[in-house]
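[1] Predicted model and sequence below, questions to follow.
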Amino acid sequence: MGRVSRTERVLLAVAVVLVAAAVTVAAIVLARDADRSAAPTPSTSARTTSSPTPVPAPSPTPTPAGDAWTLEQKVGQLFMVGVDVTEPDPVSRRAIVQDHVGNLFLHGRSTAGADDVRTLVERYTALVAPTTTHDEPMLVATDQEGGRVQVLRGPGFSDIPAATEQATWDPADLREQATAWGSELAAAGVNLDLAPVMDLVSAGTEADNPPVGALDRNYGTTPRSVTSHANAFAAGLRDSGVAVAIKHFPGLGAVTADTDTAAGVTDDVTTSDGAQVRVFADGIAAGATCVMVSTAVYPQIDPSAPAAFSPAVVDGLLRERLGFDGLVITDDLSGAEQVQQWSPADRAIAAIDAGVDLVLVSKVPQVVPEMVEAVVHQARVDPQFAAKVDAAFTRVLAAKADLP
């Protein structure tokens with residue numbers, strides 16, 4: 001072998017460097033791909049399976065500087081956990097402390113009176129802190145409609161008549177009475193009533209409508225009666241400083257089964273421009289703070305998913321067509337039979353992906369950790385979903401800022 005020229009030595013050195021660089025880049029790509037394949041992503045659509053979705057444990061998020069929110073705290077604001085008013089479960093407390101859930105729902109039935117309810121509420125609102133809810137006050141809600149659906153009774157709470165009776169009153173008188181009922185809630189620490197019902201039930205079909213008509217929850221059987229009286233009830237509560245959630249959009253007045261106790265509940269009647277939806281449009285125009293979305297399926301609007309999981313219902317019909325820019329909350333996504341074919345993780349992701357702001361987890365608070373972890377994970381891996389989380393978070397804080 002002859003002598004190697006200076007030029008050849010330089011070219012040989014460059015070649016060695018290029019080979020080493022190529023090896024390094026290949027190693028980095030392989031490591032990155034391995035990391036991606038090791039992290040399963042929960043689906044953003046509702047799956048028809050009863051098997052729980054595996055959700056990886058979220059990696060610890062560093063404590064932010066100043067007033068910054070962690071992703072976990074933001075996601076926590078999108079949930080409302082139930083606490084049984086007679087037998088509080090420690091899981092409800094853990095949901096606030098460990099999962100940063102920022103809202104409370106008083107579930108069940110109590111005859112203990114206002115003082116005991118206030119003590120119960122304060123036990124949970126005292127958990128608000130920089131490390132739990134970022135010091136953000138809670139929405140504290142309940143179902144105080146009247147008749148068979150009145151969670152809170154006893155000293156300090158009026159016995160509220162059923163909606164069918166309220167519908168016989170002059171709307172001005174109903175508003176005055178509702179102001180007094182709202183003041184009772186406010187004194188007990190409740191600032192959101194998941195009422196009034198605005199579902200339109202046709203005359204003569206009440207007995208065939210288990211969730212509303214059979215329980216006397218409807219404000220009459222005509223659009224005029226429903227809107228005038230439901231809006232009067234809502235105005236009275238707002239006069240007392242209590243927000244309202246009109247329900248159950250786009251209507252449960254035509255179903256023949258109850259989503260709480262039956263699966264496959266479908267409304268083949270309601271259309272996007274029908275009377276069922278128009279009464280909600282009137283409620284929104286009258287100043288409703290919040291709209292609750294049902295979990296029934298509405299084939300003439302979206303046959304593919306329950307309303308609470310449907311972008312066509314939430315973003316399309318409610319947000320865009322009716323122009324509602326307030327808070328959207330689901331009906332219960334924990335214990336309702338209608339949603340049991342989806343895992344808790346998929347329920348929460350599908351609802352937020354559809355445009356919902358608050359996921360109600362009232363009957364079975366034990367599923368909160370799975371739901372919250374799934375939403376946190378999905379926000380980390382999906383920028384479009386993360387943007388929806390941010391939008392919902394912003395609306396939740398705006399609604400809280402509007403409360404007295």
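    Now that the structure is in, tell me what you want to look at. Numbers count the residues shown, from 1 in each chain.
[2] from here on, contacts and neighbour counts on C-alpha atoms
    Fine.
[3] Figure out the helix or strand that residue 392 lives in.
    Secondary structure from DSSP states H and E places residue 392 in helix 383-401.
[4] go on, residue 377?
    Per DSSP H and E, residue 377 falls inside helix 368-381.
[5] Show me what that helix packs onto, helices and strands only.
    helix 71-76, helix 344-354, helix 383-401 (3 or more CA pairs under 8 Å, 6 or more residues apart in numbering; DSSP states H and E).
[6] a helix runs through residue 295, doesn't it?
    No. Read with DSSP: H, G, I helix; E, B strand; the rest coil, residue 295 is coil and lies in no helix.
[7] wait, it sits on residue 337?
    No. Applying CA atoms under 8 Å as the test, residue 295 and residue 337 come out as separate, 9.9 Å apart.
[8] Strands along this structure, start to end?
    Taking DSSP state E, the strands of the chain run over residues 79-84, 103-107, 139-142, 144-146, 149-150, 192-193, 243-249, 290-293, 297-298, 302-306, 327-330, 359-361.
[9] Now mean pLDDT and mean neighbour count too, for those strands, in a markdown table please.
    Output for those, formatted as a markdown table (pLDDT from 0 to 100; neighbours: other CA atoms under 10 Å):
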| stretch | mean pLDDT | mean neighbour count |
| --- | --- | --- |
| strand 79-84 | 98 | 28 |
| strand 103-107 | 98 | 25 |
| strand 139-142 | 98 | 24 |
| strand 144-146 | 98 | 22 |
| strand 149-150 | 98 | 20 |
| strand 192-193 | 98 | 26 |
| strand 243-249 | 98 | 26 |
| strand 290-293 | 98 | 27 |
| strand 297-298 | 98 | 26 |
| strand 302-306 | 98 | 18 |
| strand 327-330 | 98 | 26 |
| strand 359-361 | 98 | 27 |
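[10] quick one: which of these is nearest residue 167?
    strand 144-146 (12.0 Å; CA to CA).
[11] Paired strands for that closest one, with orientation please.
    Paired with strand 144-146 in the same sheet, following DSSP bridges, are strand 149-150 (antiparallel).
[12] picking up where we left off before, kindly reformat the helices and strands packed on helix 368-381 as TSV and extend each row with distance to residue 362.
    What follows is the helices and strands packed on helix 368-381, written out as TSV (distance: least, CA to CA, whole Å):
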stretch	distance to residue 362
helix 71-76	15
helix 344-354	13
helix 383-401	18
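[13] Nearest to residue 171, out of those helices?
    With CA to CA as the criterion, residue 171 lies closest to helix 383-401 of the helices and strands packed on helix 368-381, at 26.3 Å.
[14] Only the buried residues of the closest one, if you could.
    Buried residues in helix 383-401, counted by 16 or more other CA atoms under 10 Å: 385-386, 388-390, 392-397, 400.
[15] Let me see the mean pLDDT of that helix.
    What helix 383-401 shows for mean pLDDT is 98.
[16] got the angle between that helix and strand 79-84?
    Here the directions of helix 383-401 and strand 79-84 differ by 60 degrees (axes from the mean of the first three to the mean of the last three CA atoms, to 10 degrees).
[17] contact partners of helix 383-401?
    74-75, 77-78, 137-139, 289, 326-327, 352-353, 355-358, 378-380 (CA atoms under 8 Å, 6 or more residues apart in numbering).
[18] change it to 7 Å
    74-75, 77-78, 326-327, 352-353, 357, 378-380 (CA atoms under 7 Å, 6 or more residues apart in numbering).
[19] picking up where we left off before, got the buried residues for the helix holding residue 377?
    Across helix 368-381, burial judged by 16+ other CA under 10 Å covers 368-379.
[20] what's the closest of the helices and strands packed on helix 368-381 to residue 194?
    Relative to residue 194, the nearest member of those by CA to CA is helix 383-401, separated by 14.3 Å.
[21] between that closest one and helix 368-381, how many degrees?
    Interaxial angle, helix 383-401 versus helix 368-381 (the same axes, to 10 degrees): 120 degrees.
[22] Dump helix 383-401 to CSV, restricted to CA.
    Once non-C-alpha atoms are left out, helix 383-401 reads as follows in CSV (Å, rounded to 0.1, in the frame of the first residue of the first chain):
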residue,chain,number,x,y,z
PRO,A,383,-53.4,18.9,20.6
GLN,A,384,-57.0,19.3,19.2
PHE,A,385,-58.4,17.7,22.2
ALA,A,386,-56.2,19.8,24.5
ALA,A,387,-57.7,22.9,22.8
LYS,A,388,-61.2,21.7,23.7
VAL,A,389,-60.1,21.2,27.3
ASP,A,390,-58.8,24.8,27.3
ALA,A,391,-62.1,26.1,25.8
ALA,A,392,-64.2,24.2,28.4
PHE,A,393,-61.9,25.3,31.2
THR,A,394,-62.3,29.0,30.1
ARG,A,395,-66.1,28.7,30.1
VAL,A,396,-66.2,27.1,33.5
LEU,A,397,-64.2,29.9,35.0
ALA,A,398,-66.3,32.5,33.2
ALA,A,399,-69.5,30.9,34.7
LYS,A,400,-68.0,31.0,38.2
ALA,A,401,-66.9,34.6,37.8
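[23] Let me know the angle separating it from strand 103-107.
    Between helix 383-401 and strand 103-107, the angle formed by their directions is 70 degrees, by the same axes, to 10 degrees.
[24] Tell me the gap between helix 383-401 and the middle of its chain.
    Chain-centre distance of helix 383-401: 12 Å, with CA atoms, centre = their mean, to the nearest Å.
[25] so where is this protein shaky, pLDDT-wise?
    For the chain, the stretches with pLDDT under 70 are 1-66.
[26] on that earlier part again, ok, residue 295 and residue 337, which is more surrounded?
    Ranked by neighbour count (other CA atoms under 10 Å), residue 295 and residue 337 place residue 295 first, with 31 against 18.
[27] All set, thanks.
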